[in-house]
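Enquirer: Give me the fold of what follows.
(2 chains)
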There are 2 protein chains.
Amino acid sequence: MNKHVDVLVIGGSAAGIVAATTGKAFYPDKDFLIIRKEKEAVVPCGIPYIFGTLEGVEQNIVPVGHIEHAGVELMIDEVTSIDRAAKQVTTAGGEQVSYQKLVIATGSLPKVPGWLKGTDLDNVFTIPKNKEYLAGLRDKLQTLKNVVIIGGGFIGVEMADELAKNGCKVTIVEVLPHLLQAAFDQELSLRAEEILAKAGISLRLGEKVSALEGEGAVSEVRLESGERLKADIVILATGYAPNIELAQAAGIKLNELGAIRVDEYMRTEDCNVFAVGDCAEKFTFFTRIVKGLMLASTACSEARIAGMNLYKLSRLRTFGGTMSIFSTAIGGTTFAAAGVTENIAVDRGFDIVTASFEGIDKHPGTLPGTSKQFVKLIVNCESGLLLGGSVIGGASAGELVNVIGVIIENKMTIHEVLTMQVGTHPLLTGPPTGYPLLKAAEAAAKKLRH
Amino acid sequence: MNKHVDVLVIGGSAAGIVAATTGKAFYPDKDFLIIRKEKEAVVPCGIPYIFGTLEGVEQNIVPVGHIEHAGVELMIDEVTSIDRAAKQVTTAGGEQVSYQKLVIATGSLPKVPGWLKGTDLDNVFTIPKNKEYLAGLRDKLQTLKNVVIIGGGFIGVEMADELAKNGCKVTIVEVLPHLLQAAFDQELSLRAEEILAKAGISLRLGEKVSALEGEGAVSEVRLESGERLKADIVILATGYAPNIELAQAAGIKLNELGAIRVDEYMRTEDCNVFAVGDCAEKFTFFTRIVKGLMLASTACSEARIAGMNLYKLSRLRTFGGTMSIFSTAIGGTTFAAAGVTENIAVDRGFDIVTASFEGIDKHPGTLPGTSKQFVKLIVNCESGLLLGGSVIGGASAGELVNVIGVIIENKMTIHEVLTMQVGTHPLLTGPPTGYPLLKAAEAAAKKLRH
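Expert: Residues are numbered from 1 along each chain as shown, chains lettered A, B, ... in the order given. Prediction:
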């Protein structure tokens, strides 16, 4: 069967939906179609919470009502090939769909370390964005309680936190010296490790897995040290790779990290084909180097830019590359960072000072529910530009890091931050006299003078 | 006795403390002295919480440890006169203190409406920043439960919310059609009124008080309609006036609203005398007109600017006037606004569009503790500049309004907001696909195109 649409989006997770609905809002006369494999798509960042806080997979589904409400059509099918010359795709269901503009939002797939033996054993899982697969893992976890998680990034840590709440005996094995080391400075990692250890999670840091072993099903994880960890279930939280098979087969250019090469407006070299989200290339904010960042928030930002600029460049990007803004909550404590960490700043060659301040997130501190709030800032010495900031605190730290993000995106100097206006309220924020972000800025300014 | 200090600060509430401690951090070789009347100063914005959430006045005291720790001296005494020619002040305790630089941070005093009869009756209270007085009011409220609050601004509303929690029968009488009308648009006021009414608070909006009546102690509040409200206690929450008697007696120039006239760096016409906080003049951010805004956050921002620039203008202000950033929590729901409200924008003559979006503050919305999050934006038509934003939501809205504040302070256009990067997390923020601030921006951009 043949069908024509003006704008075709392949993939219907966060980025695909936002590209289509934003596009439709800006080009209401065009018709938009999303083709995706999954009848129901899981909320990507919500996946760890399926295993503890939420009742199950059904509570973590991306609603489709607003897709239809936006006037975007949704087709459940799998695109098997793209013919760019004919501007047409073919699906597993036998459809031929032609397009004016194509948006590839095929996301990412869990990486399985090729060198690791035993990953094909039963009860070895990855964390894909696949509802049935995750429901299967959840079922197993009802009875199998010895869980070894390989990889101490966000997915590994959030899964561990949730599984421990749910009565599992959890071990995280991480080859780097600290958890979350790619995203956070040591102050944050150490505090997260402390919280997880207190929750009874065993942390094996700086240790490498050499093999998964068992008869049929996995039963042990062997470390390079020779030690063996008992495991009913192994979760490989070892990162994700861009899902680019379809694009690659269509001759669309990839970068050296295997992501789809795009320009500032998410256009591939074929100006009628866009790519957004985890499958698309990203450049870092300050140094403009290629980086493999995968965040739903970033994906949605790209999707908005693509959607608004499908037919003409009407919304110019006013910032350069992609800023990392990470946030998570571990054992009820928020950890968040925007821009570059101290490690990354040093690694990239920036001349920096760092300064930090620990205060409180309500005032007076006698108010119930007051948490400590720690802010660390990374400042370029001569320019005074804020390069990055980290926060440990209560729930409000999730938006406080966005305050830092907007500061960085506007290339504000620490001097501008010092005189900046913020709103405060006893029940909602740190005190006006000791708002931790401004006190950290003050400490950084002091260091810059010496 | 004679004493000399380099920098003398009169007043030791939020602004005075921040001016002195910031100044000391930037001019460590100078010696700093704060003179204040109160041995213990109450946290100004925390006052309403003394009457419900906190155990008492003792739980709402500004800590002094960090004043000493900063190397600033604190003297409990009352300055009774300033001799600017001699650069010296005299205190009630008989001290003569000479200075190089003087910072006046004398704050504000509750206004008692002069036309209102009966304000001298017993059990008629204002809300001054006075620990003993507030403790006295708190004691009375243990047994006297019929409370009429006159004035539906922040103090009136927050007091009502707390007193109702504490078993009082509370009525608010407000002459304007809505509560919090000076700070918030109608969407916010209506929702706040709904919450307060549900908590059993009686709201008399658009009604004027004509007299307080009683024998010795107040027993009734008479309205202009002739109706009488039973009252064991009346609280006058009818605003505050700059406390400028001392400055005025010293010949320091005031503005037409009775606040101390200052320049961009909080200097009075006498360049050795600064004024900060509620007693100092303020200009609005976009129109630069004189306005009587009193917020601890604003006071502290001014105090930082004064402190850093006491001896030389080393930290230039990069923004013009004072931005209103208001936030409060009523019945556990956060209300906040930054920049101008719709009413004010229209009133000042701005050509505007407004747009709003209601989403959620966690994702998926099945997560426990998810609140609705409403964002409204006010945008200047041709320039596209964001002039103001309002939020109703959970606790995170208190920092989300600071995200809006930084956007406004950087004079970002709605187009820049549309492509802006934010961080999201299931437990901490709205979803990346429907982050309410960005969806409201999208709705505003759509209106601007038509």
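
Enquirer: now the closest residue to A:Phe26 other than its chain neighbours: how far from A:Gln421?
Expert: For A:Phe26, ignoring the flanking residues on the chain, the nearest one in space by Cβ to Cβ, 6 or more residues apart in numbering or on different chains is A:Met308 at 5.0 Å. (C-beta placed from N, C-alpha, C; glycine too.) Noted for A:Met308: a distance of 30 Å to A:Gln421, by Cβ to Cβ, to the nearest Å.

Enquirer: try A:Asp120
Expert: Noted for A:Asp120: a distance of 58 Å to A:Gln421, by Cβ to Cβ.

Enquirer: and those two? which has more neighbours close in?
Expert: Using other Cβ atoms under 10 Å in any protein chain shown as the criterion, A:Asp120 and A:Gln421 rank with A:Gln421 on top: 23 against 9.

Enquirer: residues contacting the more buried one?
Expert: By Cβ atoms under 8 Å, 6 or more residues apart in numbering or on different chains, the contact set of A:Gln421 is B:Ser297, B:Thr298, B:Ser301, B:Phe319, B:Thr322, B:Met323, B:Ile325, B:Gly405, B:Glu409.

Enquirer: before we move on, what about A:His66?
Expert: A:Thr21, B:Gly434.

Enquirer: cool, and A:Val276?
Expert: A:Val276 is in contact with A:Ala15, A:Gly16, A:Ala19, A:Val103, A:Ile104, A:Ala105, A:Met266, A:Ala299, A:Glu302, A:Ala303, A:Ile305, A:Ala306, counting by Cβ under 8 Å, 6+ apart.

Enquirer: Recalculate using a threshold of 7 Å.
Expert: With Cβ atoms under 7 Å, 6 or more residues apart in numbering or on different chains as the criterion, the residues that contact A:Val276 are A:Ala15, A:Ala19, A:Val103, A:Ala105, A:Met266, A:Ala299, A:Glu302, A:Ala303, A:Ala306.

Enquirer: Quick one: mark the members of the residues you listed that sit in strands.
Expert: Using DSSP state E to define strands, the subset of the contacts of A:Val276 located there is A:Val103.

Enquirer: pLDDT value on the closest residue in space to A:Thr91 that isn't next to it in sequence, please?
Expert: Once flanking residues are discounted, A:Thr91 sits nearest to A:Asp77: 4.3 Å by Cβ to Cβ, 6+ apart. Note on A:Asp77: pLDDT of 98.

Enquirer: Tell me how far A:Asp77 lies from B:Ser383.
Expert: According to Cβ to Cβ, A:Asp77 stands 45 Å off from B:Ser383.

Enquirer: Point out the residues in the stretch 1-150 of chain A that sit beside chain B.
Expert: Residues of the stretch 1-150 of chain A lying close to chain B (Cβ under 7 Å from any Cβ of the partner chain) are A:14, A:17-18, A:22, A:25, A:43, A:45-46, A:49, A:53-54, A:59-60.

Enquirer: who wins for most neighbours among those?
Expert: Busiest of the residues of the stretch 1-150 of chain A next to chain B [other Cβ under 10 Å] is A:Ala14, holding 31 neighbours.

Enquirer: Quick one: the helices in chain A, in order.
Expert: Taking DSSP state H as the criterion, chain A carries its helices at A:14-26, A:65-69, A:131-140, A:154-165, A:186-198, A:245-249, A:296-308, A:342-348, A:397-409, A:414-419, A:436-449.

Enquirer: could you dump these to TSV with distance to B:Gln88 and mean pLDDT?
Expert: Formatted as TSV, these follow (distance: least, Cβ to Cβ, whole Å; pLDDT from 0 to 100):
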stretch	distance to B:Gln88	mean pLDDT
helix A:14-26	65	96
helix A:65-69	68	92
helix A:131-140	75	97
helix A:154-165	61	97
helix A:186-198	47	98
helix A:245-249	78	98
helix A:296-308	58	96
helix A:342-348	48	96
helix A:397-409	42	98
helix A:414-419	31	95
helix A:436-449	30	95
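
Enquirer: Enumerate every residue touching the closest residue to chain B within the stretch 1-150 of chain A.
Expert: Residue nearest to chain B within the stretch 1-150 of chain A (Cβ to the nearest Cβ): A:Gln59, separated by 4.0 Å. Contacts for A:Gln59 (Cβ under 7 Å, 6+ apart) come out as B:Pro364, B:Thr366.

Enquirer: quick one, phi/psi of the residue nearest the centre of chain A?
Expert: The residue lying closest to the centre of chain A (Cα atoms, centre = their mean) is A:Leu295, at 2.6 Å. When read as degrees, to the nearest 10, the backbone of A:Leu295 gives phi -140, psi 140.
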